[in-house]
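Peer 1: Below is the structure, and that's it, no one-letter string:
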């Protein structure tokens, strides 16, 4: 039964995705506003189809340039966050070459960065700032990797420098994978959805699709500014503390 469910969900996902690819390509060429909004509508439909129930707490920033600093749990985070508000992602350059995922990332206008080369940081920062200057929202998975969803790893501060331009805010966002089939998700079940370490992508995707509906808290915390934090390292620590506190509080709720 679980294999049947995974097959049906995957087939539906493909059927939803393929017709949207040329639409998004056209929007990127013809309508900047449309190219931002279409992935949001697409991912809202995907979350419903995959059985991902979102509990959005707080309000995402929509009226000014925003750098979202979030914890990172799974490849599911992409769909979860994209279903909350129109946005693009900041991702390591390797994602660009991943089959399927790379295409979707490019179509969502992802900023690809090279975390292994320090000299590339300023180039990536400049690209991020250009996108923020025109009012976009970018998502930074500030831990630099994914975790088991039970903890928050230290935030890396280098790319918080993108928030140095006037008018940009940093919004900490906590992702908490809390429920499975309408009951609290047990810690032993988290690896069924959390993708981290040396887990193999294809088998993990199939496994997650087979497991049934889940509930995810998306906690949009109060926006922060570089000016109030003092510097980018202090800003990264403040965002990290906020996201970690949100995760603790989420798992403490019944």
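Peer 2: Sure, I can see it. Note that the coordinates shown come from a computational prediction; the quantities given were computed from them, not determined experimentally. Numbers count the residues shown, from 1 in each chain.

Peer 1: was I right about residue 214 contacting residue 52?
Peer 2: Yes - contact criterion C-beta atoms under 8 Å: residue 214 and residue 52 qualify, at 5.9 Å. Where C-beta positions appear, they are placed from N, C-alpha and C, glycine not excepted.

Peer 1: State whether residue 163 is indeed within a strand.
Peer 2: No - applying DSSP: H, G, I helix; E, B strand; the rest coil, one finds residue 163 to be helix, outside a strand.

Peer 1: how near is it to residue 108?
Peer 2: 21 Å (C-beta to C-beta, to the nearest Å).

Peer 1: same check, this time on residue 26
Peer 2: 15 Å.

Peer 1: Same drill for those two, tell me which one is more crowded.
Peer 2: Looking at residue 26 and residue 108 with other C-beta atoms under 10 Å, you find the greater number of neighbours at residue 108, namely 23 against 13.

Peer 1: next one: phi and psi at the more buried one?
Peer 2: As for residue 108, its main-chain torsions (degrees, to the nearest 10) stand at phi -90, psi 10.

Peer 1: Residue 219 now?
Peer 2: Torsion angles, degrees, to the nearest 10, at residue 219: phi -100, psi 110.

Peer 1: do residue 111 as well
Peer 2: According to degrees, to the nearest 10, residue 111 has phi -90, psi 120.

Peer 1: That one: what's it in contact with?
Peer 2: Each residue near residue 111 by C-beta atoms under 8 Å, 6 or more residues apart in numbering is listed here: 88, 89, 90, 91, 124, 127, 128, 131, 138.

Peer 1: Please name the nearest non-neighbouring residue to it.
Peer 2: Once flanking residues are discounted, residue 111 sits nearest to residue 90: 4.8 Å by C-beta to C-beta, 6 or more residues apart in numbering.

Peer 1: Repeat that for residue 95.
Peer 2: Per C-beta to C-beta, 6+ apart, closest to residue 95 is residue 105, 5.3 Å.

Peer 1: Does that neighbour touch residue 89 like I think?
Peer 2: Yes - counting by C-beta under 8 Å, residue 89 is a contact partner of residue 105 at 6.8 Å.

Peer 1: Contacts for the helix or strand where residue 77 lies, please.
Peer 2: Assigned by DSSP states H and E, residue 77 belongs to helix 76-82. Helix 76-82 is contacted by residues 39-40, 42-43, 46-47, 50, 52, 54, 68, 70, 87, 89, 104, 108, 139, 141, 146, 173, 175, 193, 195, 208, 216, 218 when judged by C-beta under 8 Å, 6+ apart.

Peer 1: ok, residue 46 - how many residues close by?
Peer 2: 22.

Peer 1: Identify the residue spatially nearest to it, adjacent ones excluded.
Peer 2: Closest to residue 46 by C-beta to C-beta, 6+ apart is residue 79, at 5.2 Å.

Peer 1: okay, now that neighbour: neighbour count?
Peer 2: Neighbours of residue 79 (other C-beta under 10 Å): 23.

Peer 1: For the strand or helix carrying residue 33, what is the distance to the chain centroid?
Peer 2: Element membership of residue 33 [criterion: DSSP H and E] is helix 32-50. Computed by C-alpha atoms, centre = their mean, to the nearest Å, the separation of helix 32-50 from the middle of its chain amounts to 13 Å.
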